[in-house]
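Undergrad: What follows is a protein structure lacking sequence information:
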Ligand SMILES: O=C(O)c1cccc(C(=O)CC[C@H]2O[C@@H](n3cnc4c(=O)[nH]cnc43)[C@H](O)[C@@H]2O)c1
């Protein structure tokens, strides 16, 4: 059985693809793993996984970059996002937010379920993430989301991957490297190159040792 690698954009996994000589296509099968590039966001991710998930996979590995709410985590750090939440899924009740759980329509939070005892995974700090359609970049909304969810990281796909794996009863893992802090938007502060380098070094090591 193979691993399915899932990334939102090609640049996020380009060094890994070059290392294993994988051609630049949205869905590529190789001997040891398949690679799926979904496009950015939950909808694109769920659609792509709906087309390609199957019980032939022993593990779904979501790879990407992410923002961090915790400024004590250095930019470039690779993290194991072991739980993730659809932070915007719910309803406003004036100033209060009611989650999808509180509304009685489902569940916002999912965990990365797997039985991996792999050294490369165990050495990573485990954190809680949120997944959003609208990246936080305003002081007031950042304060509100911290009060609501107390997250460490933010991405635009993580919870969608964990949700699809939960529905398909497949083991999964979400590994992301921190490219930026969640702060009033300033793209010049982002260290995307460093995050992609560290993420891909980790992933190449993991795939080589698995
Ligand atoms: O501009 C570039 O060179 C570049 C190269 C590779 C990837 C990107 C992206 O912008 C990837 C978008 C991807 O990143 C995740 N992400 C990163 N930081 C955050 C954040 O602060 N809040 C939410 N998501 C973030 C996200 O999952 C996107 O899919 C650019």
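TA: That came in fine, so what should we check first? Remember, it's a predicted structure, so these values are computed and weren't measured experimentally.
Undergrad: where does the residue of the chain found nearest the ligand land in three-state SS?
TA: With Cβ to the nearest ligand atom as the measure, the residue in the chain that lies nearest the ligand is residue 67; the distance is 2.2 Å. All C-beta atoms are positioned from the backbone trio N, CA, C, and that covers glycine. Reducing the assignment at residue 67 to three states with DSSP: H, G, I helix; E, B strand; the rest coil gives strand.
Undergrad: What's opposite it in the beta bridge?
TA: Beta bridges link residue 67 to residue 154, residue 180, judged by DSSP bridges.
Undergrad: Confirm for me that it is in contact with residue 180.
TA: Yes. In this structure, residue 67 sits in contact with residue 180. The criterion is Cβ atoms under 8 Å, and the distance is 5.0 Å.
Undergrad: Helices of this structure, start to end?
TA: Under the criterion DSSP state H, the chain carries helices at the ranges 10-19, 42-52, 100-103, 119-122, 139-149, 158-168, 192-209.
Undergrad: Mean pLDDT and mean neighbour count added to those, as JSON lines?
TA: Below are these laid out as JSON lines (pLDDT from 0 to 100; neighbours: other Cβ atoms under 10 Å):
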{"stretch": "helix 10-19", "mean pLDDT": "98", "mean neighbour count": "17"}
{"stretch": "helix 42-52", "mean pLDDT": "98", "mean neighbour count": "18"}
{"stretch": "helix 100-103", "mean pLDDT": "98", "mean neighbour count": "14"}
{"stretch": "helix 119-122", "mean pLDDT": "95", "mean neighbour count": "14"}
{"stretch": "helix 139-149", "mean pLDDT": "97", "mean neighbour count": "14"}
{"stretch": "helix 158-168", "mean pLDDT": "98", "mean neighbour count": "24"}
{"stretch": "helix 192-209", "mean pLDDT": "97", "mean neighbour count": "18"}
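Undergrad: Could you export the ones you listed as JSON lines, including distance to the ligand?
TA: Conversion of the helices of the chain to JSON lines gives the following (distance: least, Cβ to the nearest ligand atom, whole Å):
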{"stretch": "helix 10-19", "distance to the ligand": "4"}
{"stretch": "helix 42-52", "distance to the ligand": "9"}
{"stretch": "helix 100-103", "distance to the ligand": "20"}
{"stretch": "helix 119-122", "distance to the ligand": "20"}
{"stretch": "helix 139-149", "distance to the ligand": "10"}
{"stretch": "helix 158-168", "distance to the ligand": "7"}
{"stretch": "helix 192-209", "distance to the ligand": "5"}
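Undergrad: Dump those helices into CSV; add distance to residue 4 as well.
TA: Listed next are the helices of the chain as CSV, based on distance: least, Cβ to Cβ, whole Å:
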stretch, distance to residue 4
helix 10-19, 12
helix 42-52, 7
helix 100-103, 26
helix 119-122, 16
helix 139-149, 27
helix 158-168, 10
helix 192-209, 12
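Undergrad: This completes my enquiry, with thanks.
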